[in-house]
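My questions are about this predicted structure, shown below with the sequence.
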Amino acid sequence: MITVCSLARLGETVERTRARHLVTLISGGTEVARPASIHANDHLFLTFNDITAPAEGLTPPGEDHVRELIGFVRRWNLSGPMVIHCFAGISRSTAAAYITACALQADADEEALAQALRAASPSATPNPRLVALADSLLGRNGRMSAAIKEIGRGADAYEGTPFTFAVGGTSAPPAASAPR
């Protein structure tokens, strides 16, 4: 299972899920404390901005970022949960969850996975640049991008509610918000 959350909910989400693998997708210079239960070798830390096109002074998601993500998730033994987070838990992390599901299920239907993502998270708005790069690297011939375009922009939110997205393409209902 993959659980997606924001940076603010990282510690509690790792603890609740008992995750042992972690993907961080964050802007450079943002402090992220790796939870003690996550070994350094089981933490992928990628720094880039949540943008869809190059912009002066910002780092767009690139092919190397997506290659690292795909390589990391393919080394995951699936025996325990993985947490994927970004700053808000809405764009980079939901794109990475979708990419993970597609990378680990070569024959899975891209549209069904995108619909499962939308069902799991009404606010999910996967970064289209990340998805397009993965679409190309995974040889999905535009189907990943088309599926994400079809589900459209998610509901407006400052921070996404943590949710679980099964690698099998089904999802659990969104986790209840815990008091802060």
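Here it is on my side, so go on. All of these numbers come straight from a predicted model, not from anything done at the bench.

I believe residue 66 is in a helix; please confirm or correct that.
Yes - judged by DSSP: H, G, I helix; E, B strand; the rest coil, residue 66 forms part of a helix.

list the contacts for the closest residue to it other than its chain neighbours?
The shortest distance from residue 66 to any residue other than its chain neighbours is 4.3 Å, reached at residue 133 (CB to CB, 6 or more residues apart in numbering). For the C-beta atoms, the positions are set from N, CA and C on the backbone; glycine is no exception. By CB atoms under 8 Å, 6 or more residues apart in numbering, residue 133 lies in contact with 61, 62, 63, 65, 66.

The residue lying closest to the third one once chain neighbours are set aside and residue 60, how far apart?
So the one you mean is residue 63. The shortest distance from residue 63 to any non-neighbouring residue, by CB to CB, 6+ apart, is to residue 133 (5.4 Å). For residue 133, the distance to residue 60 equals 10 Å [CB to CB, to the nearest Å].

For this protein, just list every one of the helices.
10-17, 63-75, 92-104, 110-120, 128-137, 143-151 (DSSP state H).

closest one to residue 50 among those?
helix 92-104 (5.3 Å; CB to CB).

Tabulate the contacts of residue 133 (CSV), appending neighbour count, distance to residue 124 and pLDDT.
CSV is the format used below for those (neighbours: other CB atoms under 10 Å; distance: CB to CB, whole Å; pLDDT from 0 to 100):
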residue, neighbour count, distance to residue 124, pLDDT
61, 26, 16, 97
62, 15, 22, 97
63, 11, 23, 97
65, 22, 19, 98
66, 25, 18, 98
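
what's the most distant pair in those?
61 and 63 (8.7 Å).

Mind putting the helices of the chain into a markdown table with distance to residue 45?
Below are those laid out as a markdown table (distance: least, CB to CB, whole Å):
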| stretch | distance to residue 45 |
| --- | --- |
| helix 10-17 | 12 |
| helix 63-75 | 10 |
| helix 92-104 | 12 |
| helix 110-120 | 23 |
| helix 128-137 | 16 |
| helix 143-151 | 24 |
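
Nearest approach to residue 167 belongs to which of those?
helix 92-104 (5.4 Å).

which other helices and strands contact the closest one?
Judged by 3 or more CB pairs under 8 Å, 6 or more residues apart in numbering; DSSP states H and E, helix 92-104 is in contact with strand 2-6, strand 21-26, helix 63-75, strand 82-86, helix 110-120, helix 128-137, helix 143-151.

cutoff 7 Å now
Under the contact criterion of 3 or more CB pairs under 7 Å, 6 or more residues apart in numbering; DSSP states H and E, helix 92-104 touches strand 2-6, strand 21-26, helix 63-75, strand 82-86, helix 110-120, helix 128-137.

I would like the residues contacting it, please.
2, 4, 23, 25, 50, 66, 69-70, 73-74, 84-86, 108, 110, 113-114, 117, 121, 124-127, 130-131, 134, 138, 140, 144, 148, 165, 167, 169 (CB atoms under 7 Å, 6 or more residues apart in numbering).
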